[in-house]
Structure formats: C-alpha cells, structure tokens
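# Could you work out the structure for the sequence below:
(one chain, ligands or ions: 2)
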Amino acid sequence: MAQKGKILLSVTGFDPAIWRTALEKAAPDRAIVEEPSGPNDPGIDYAVVWKQRPGVLNGLPNLKAIFSIGAGVDHIFAEGDMPDVPIVRIVADDLTERMSEYVVWQVLDHHRKGMLYRDQQARKVWNESKMQPAARDVTVGILGYGNLGRDAGRKLRALGFKVIGWSRTAKTGEAIDTFAGDNGLNQFLALADIVVCLLPLTPATHGILAAPFFARMKARGPLGAPILINAGRGGLQNEADILAALESRKLGAVSLDVFESEPLPGDSPLWTHPRVTITPHAAAASMPEALIPPMVEQMDAHDRGEPLKNLVDRDAGY
Ligand code: NDP
Ligand code: OXD
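Ligands and ions are numbered 1, 2, ... in the order given. The predicted structure follows:
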C-alpha cells in the first residue's frame, strides 16, 4: 500500500487513544503521529485537533488543513498564532442528532415541569400543576440558527412548539420566523419563552449571556419567567449574572451544558441551585467511529484536488 502524508493528532484535556485507533483504522495508509518529528516536520499533511498543544501546528511546512474534532473551533483559535491553512469543522448527522436529543430533552423537561415534579417526588407530594401550557403556546427561540439549531428547531416544531431563530446573517425562505443582528435580537427576545443557545464562541458572541441580555428577555410567558438552555460554549455566559437573574426571577430556570471553566469548579453555587440543571459538556459528544471516516475521506479527496467541505470562516471565527 502506497504511504500517504502523515496525520498529526493533537488532543489535550482527554486521552486521545480512541481517536488514534479510529484514525489508524480509517487511514491505514497514513502514519498517525502525536508529535512532529522536529519543528519543521515535512511529512505531516493534515492535523486532527482538540485544544492542540501550544505551538504544535506552527512550523509544519506541508500542512494542508486542520480538522477540528468538534463542531466548535474556538479551541483551535485560542492559541492565537495559527498557520494559514484551511480549518475544517465537524458537520455530521451523528453529532447533530445527539445535540437535538439534548435540546428536546431539556426543552421538554422545562415545559413539562421536571424540576417541580422531581422535587415533589422527593417530598412524596402528589400535586398536579394546573399551569401546564400546550406546546403550541410556547415559543422556543434558538440563538445560533445554524447546522445544530436548525435540526433541533425542526424536531421541536414536530412536537408542536413555536420556534424562532437568531443568526448573524439574515435568512430568507425559512419555515420559521428568523431574526439577525442586534435589532433582531430585541424582537427575538420579546417572543422567546425558552431560549436555547447554540452559538459558537467568537469575539462577537463572548459573554453575550449576561445581565444586559437577561434584561432584554420577555418578563413573563406561559412558563412564567423565561428559561435559558446553553449548550454552545461556557465563554458565552456570565455565571454570576445567571445566578443573579435566577434570584431576581428574570430567569425562571436554566440548563447549562457548558461553563466558563470546565470541569465546573466544586465550589460553584450553580451545582446546588434548585433551578439549575447541569450536564458535563455532554450535550453532543464527538464519536470517533462516526466522525473520523468522513474526515479521512475528505483528506483523500483534497489530495485528489477536490475542495474541502465545512470550512471555517476565519474572519467570523466559526
Ligand atoms: P454553525 O456554524 O452551523 O451555526 C452557528 C450559528 O450561530 C449560525 O446560525 C450563525 O449565524 C450564528 N452566529 C454566529 N455568530 C453570531 C453572532 N455574532 N450573532 C448572531 N448569530 C451568530 O455551528 P453549529 O450549529 O454546527 O454549532 C454551534 C456551536 O455548538 C459550536 O460552535 C459549538 O460551540 C457548540 N457545540 C456544543 C456541543 C456540546 O456538546 N455542548 C457539541 C457541538 C457543538 P449565520 O447563520 O449567519 O452564520
Ligand atoms: C463540539 C463540542 O464543539 O463537543 O463539537 O463541544
């Protein structure tokens, strides 16, 4: 078998072994390396990364593209100084479907009063809430109406919810009402009873889920105060402001999958707040067996001269 260019695998924060195994299986004709063999390793064609080790991407003279093993790419840009090669992100049914499961689960949990009934069960209280609205009377606003937001929105609509979306660029011809830009955000927030955040973390979105945003949210709706669900990135949110908004009832309840600092520190008051649901950045796991084969296919296609798909816009940061 003719050998092709090497793949650099650079992962921090977890054991890369399952990614190495999947790469070895999908690309038996490429060596998988976790360290360049020197600062100017000419044998590396592609890099597959999650929070790559600092400096590891620089000085690879033949690097053709960087592949993120997540949909988000803020972890790549965090390094600052980056080689000027295309960056490819994950767009895959497996990841999208996992995220939609999480979003539907959390929306339904808030809609059907999961927190209330779990608390009542713990106290052996039998009391049906008389405040159960129909899904058709509840508007779910999706902040970040992109690949993940669209699929989650479609599934929520199938359950009967009204769905609206907010994005950076204006959309036309959508099946739902969509809004864009800062003015659009006011209109969006005036309608949304449940806000689901699936934004990427960029300089423009950093810290958006903070006091000024909560002040612009609808005061009351069919579920009482509005609900926030964030599965985008922790850097989008100000956790002190979320706690203050819960106390002042600007927010009725929140579900957070991502945090300013991960793992969430043990002393964070979010852990024990009765109106906070926490998951450990588990909304949509990247599964190597689903994501690596199409990634390797893209590398082979690119070597044949075909264009790369799912490219990141470096100026926009996602
Ligand atoms: P997409 O790029 O497909 O969609 C991003 C959406 O956000 C687009 O609609 C985009 O607008 C919008 N957007 C970006 N910047 C702004 C802005 N400044 N103002 C308004 N809207 C903005 O990304 P995905 O849907 O694939 O993924 C979204 C994010 O989900 C990832 O970046 C990642 O952070 C997170 N994620 C979290 C996971 C988890 O397990 N918690 C798993 C996977 C992803 P436009 O349509 O105009 O481009
Ligand atoms: C992603 C993630 O960006 O898992 O895919 O957070």
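# Which positions in the stretch 151-300 of the chain make contact with ligand 1?
Residues of the stretch 151-300 of the chain found near ligand 1 (C-beta under 6 Å from any ligand atom) are 166-169, 198-202, 204-205, 231-233, 257-258, 281, 283-284. C-betas here are computed from N, CA, C, even on glycine.
# contacting residues for the closest residue to ligand 1 within the chain?
At 1.7 Å from ligand 1, residue 146 is the closest residue in the chain, using C-beta to the nearest ligand atom. Residue 146 sits next to 167, 198, 200 when contact means C-beta atoms under 8 Å, 6 or more residues apart in numbering.
# follow-up on the earlier one: narrow the residues of the stretch 151-300 of the chain next to ligand 1 to those in strands?
166, 167 (DSSP state E).
# Quick check: nearest residue in space to residue 214, chain neighbours excluded?
Distances taken as C-beta to C-beta, 6 or more residues apart in numbering place residue 245 nearest to residue 214, at 4.2 Å, with adjacent residues excluded.
# how many other residues sit next to the one you found?
Residue 245 has 24 neighbours, counted by other C-beta atoms under 10 Å.
# need the contact list for it.
By C-beta under 8 Å, 6+ apart, the neighbours of residue 245 are 211, 214, 251.
# Distance from stretch 77-92 to the middle of the chain?
From the chain centre to the centre of stretch 77-92 is a distance of 16 Å (C-alpha atoms, centre = their mean, to the nearest Å).
# residues of it that come out buried?
77, 79, 85, 87, 88, 89, 90, 92 (16 or more other C-beta atoms under 10 Å).
# ok, back up a step: out of the contacts of residue 146, which comes closest to residue 68?
residue 200 (11.2 Å; C-beta to C-beta).
# Which residues are in contact with the closest one?
Counted by C-beta under 8 Å, 6+ apart, residue 200 has contacts 72, 73, 74, 144, 146, 232, 233, 317, 318.
# Check residue 27 too.
Contacts for residue 27 were tallied using C-beta under 8 Å, 6+ apart; they are 4, 7, 296, 299.
# can I assume the first one is in contact with residue 304?
Right, residue 4. No: using C-beta atoms under 8 Å, residue 4 is not in contact with residue 304, being 11.1 Å away.
# Neighbour count for these two, which is higher?
Legend: neighbour count by other C-beta under 10 Å for residue 4 and residue 304, higher for residue 4 (17 against 7).
# got a list of what that one touches?
27, 29, 30, 45, 299, 300, 303.
# distance of it from residue 300?
As judged by C-beta to C-beta, to the nearest Å, residue 4 and residue 300 stand 8 Å apart.
# Ok, residue 120 next?
As judged by C-beta to C-beta, residue 120 and residue 300 stand 56 Å apart.
# Could you do residue 66 as well?
Counting by C-beta to C-beta, the gap from residue 66 to residue 300 is 17 Å.
# neighbour count winner among those two?
residue 66 (24 against 14).
# Let me know the secondary structure of that one.
At residue 66, secondary structure determined by DSSP: H, G, I helix; E, B strand; the rest coil is strand.
# which residues touch the nearest residue to residue 185 once chain neighbours are set aside?
In space, not counting the residues next to it along the chain, residue 185 is nearest to residue 166; the distance is 6.1 Å by C-beta to C-beta, 6+ apart. Shown in contact with residue 166 (C-beta under 8 Å, 6+ apart): 141, 142, 143, 144, 145, 178, 179, 180, 184, 185, 188.
# Swap in 6 Å and give it another go.
Residues near residue 166 by C-beta atoms under 6 Å, 6 or more residues apart in numbering: 143, 179, 188.
# Residue 298 too?
Counting by C-beta under 6 Å, 6+ apart, there are no residues that residue 298 touches.
# quick one: buried residues of the host helix or strand of it?
Element membership for residue 298, per DSSP states H and E: helix 288-303. By neighbour count on 16+ other C-beta under 10 Å, the buried set for helix 288-303 is 288, 290, 291, 292, 294, 295, 296, 298, 299, 302.
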